[in-house]
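Participant: sequence first, then the predicted structure, then my questions.
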Amino acid sequence: MNEIFTEEAYAELIDALFRRFPSFQKVGAGAYKPGIANMEFADQLMGHPHRKYRIIHVAGTNGKGSVSNMLAAVLQQAGYHTGLFTSPHLTDFRERIRVNGEMISADSMQVYRFMDIGTAKIMPEDMQGIKHYLIDELEPDEEFHVVRFQQMAKRAMEEIYAKYGRYLSKTDSFEFPGLSGMDKMAGIMTGLRENPLTEIGGYAVTKVVDYKKTEETGLPAANVLVYTLEGGATVIVRPSGTEPKIKTYFTTLGKDLAEAEAQKKVLADALKPILA
């Protein structure tokens, strides 16, 4: 296969992207259409997809980028796999698309899967071994229908899940009411530190990070324990900062959603006797 995923090809792709789509900075008022009626109509046709995912939409005049980056950092610290999309960028278009704080690479297939608009010089023989997603299934000048986009996006996601598996993030909580609740919560966290878990639900613990040990994390002290398990699942245990609760955060990976949910149930059931 030819070396097509290069910095040069990436630069060409970005240039073509901005040439095809108007921006206010380049064409003035012609790039601006007041109102969001078209977007609301498209959203309705697609079944309001933003309501099916855990998304925080930050809007306003000033501070959107700072707020979005701070929220992403908080979610990452809490153990969530976090995607961040911001606009505009300062020096590199990839600043807009980050996963767990990392920009997608200029020479990776991610750029082409999500941004290709038919301008990269890809030979027919290359296409046999490369699966692009969404936009490049259309000819550059073909009319794009929002319903078709939704169908293509769903099919693309199912292909990704089939290849890489399905992640699941879930949160459980255990309440400790009454005057003795705080003492019981403190006792549980102390017990987990004095008698570290070696397995959870039959899955061996491969790593434990205690965020009270600032010398190991390099971060401010926090009453948080993070367990990494064989197979890649993670379990986070921490007391709530505002309620008499201990919260557990599970991230599991299965070949499909059912398998990921089943693993989460096994892990949660194993922790109940310890945290209840």
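Facilitator: In hand now; what should we look at? Numbers count the residues shown, from 1 in each chain.
Participant: check what pLDDT Ile160 gets.
Facilitator: At Ile160, the model reports a pLDDT of 80.
Participant: then Ile246?
Facilitator: 94.
Participant: again with Asn100
Facilitator: Predicted confidence (pLDDT) for Asn100: 86.
Participant: go on, Thr6?
Facilitator: Reported pLDDT at Thr6 in the predicted model: 64.
Participant: got it, and Glu3?
Facilitator: Note on Glu3: pLDDT of 46.
Participant: can you count the residues close to Tyr32?
Facilitator: Close neighbours of Tyr32, defined as other Cβ atoms under 10 Å, add up to 10. All C-beta atoms are positioned from the backbone trio N, CA, C, and that covers glycine.
Participant: what's the answer for Ala59, then?
Facilitator: 6.
Participant: swap in Leu275?
Facilitator: Neighbour tally, Leu275, other Cβ under 10 Å: 20.
Participant: surely it is in contact with Lys247?
Facilitator: No. Counting by Cβ atoms under 8 Å, Leu275 stays clear of Lys247, with 9.7 Å between them.
Participant: what's the overlap in contacts for those two?
Facilitator: Phe174, Val237 (Cβ atoms under 8 Å, 6 or more residues apart in numbering).
Participant: how about the closest residue to Thr206 other than its chain neighbours, what does it touch?
Facilitator: Distances taken as Cβ to Cβ, 6 or more residues apart in numbering place Thr228 nearest to Thr206, at 5.3 Å, with adjacent residues excluded. Contact analysis of Thr228 by Cβ under 8 Å, 6+ apart lists Val205, Thr206, Lys207, Val208, Val209, Thr234.
Participant: report the next helix or strand after the host helix or strand of Thr228 in sequence order.
Facilitator: Using DSSP states H and E, Thr228 maps to strand 225-229. Per DSSP H and E, the first helix or strand lying C-terminal to strand 225-229 is strand 234-239.
Participant: and the strand holding Thr228, how far from the chain's centre?
Facilitator: Computed by Cα atoms, centre = their mean, to the nearest Å, the chain-centroid distance of strand 225-229 equals 19 Å.
Participant: okay, the angle between it and strand 234-239?
Facilitator: Strand 225-229 and strand 234-239 are oriented at 160 degrees to each other (axes from the mean of the first three to the mean of the last three Cα atoms, to 10 degrees).
Participant: partner strands of strand 225-229, parallel or antiparallel?
Facilitator: Here strand 225-229 has these sheet partners by DSSP bridges: strand 203-210 (antiparallel), strand 234-239 (antiparallel).
Participant: and the pLDDT at the residue nearest to Thr206?
Facilitator: Thr228 is given a pLDDT of 95.
Participant: ok, what's across the strand from it?
Facilitator: Lys207, Thr234.
Participant: over to the one 10 residues further on?
Facilitator: Counting by DSSP bridges, Arg238 forms beta bridges with Lys247.
Participant: now Leu84
Facilitator: Taking DSSP bridges as the rule, Leu84 bridges to Arg98.
Participant: and the gap between it and Asn100?
Facilitator: From Leu84 over to Asn100 the distance is 9 Å, taken as Cβ to Cβ, to the nearest Å.
Participant: these two: who's more crowded?
Facilitator: Neighbour tally, Leu84 and Asn100, criterion other Cβ under 10 Å: the higher count belongs to Leu84, 22 against 12.
Participant: can you list the domain ranges for this structure.
Facilitator: If you go by automatic domain parsing, the domain ranges for the chain are 7-164, 166-275.
Participant: least confident of those, on average?
Facilitator: Among these, domain 7-164 has the lowest mean pLDDT, at a mean of 71.
Participant: pretty sure Phe93 contacts Asp15?
Facilitator: No. Taking contacts as Cβ under 8 Å, Phe93 lies outside contact range of Asp15: 10.1 Å.
Participant: of those two, who's got more company?
Facilitator: For the pair Phe93 and Asp15, the greater number of neighbours falls to Phe93 (20 against 11), based on other Cβ under 10 Å.
Participant: contacts for the helix or strand hosting Ala260?
Facilitator: Using DSSP H and E, Ala260 falls within helix 257-275. Here helix 257-275 makes contact (Cβ under 8 Å, 6+ apart) with 161, 165-168, 170, 172, 174, 188, 191-192, 200-203, 229, 233, 235, 237, 246, 248, 250, 252-254.
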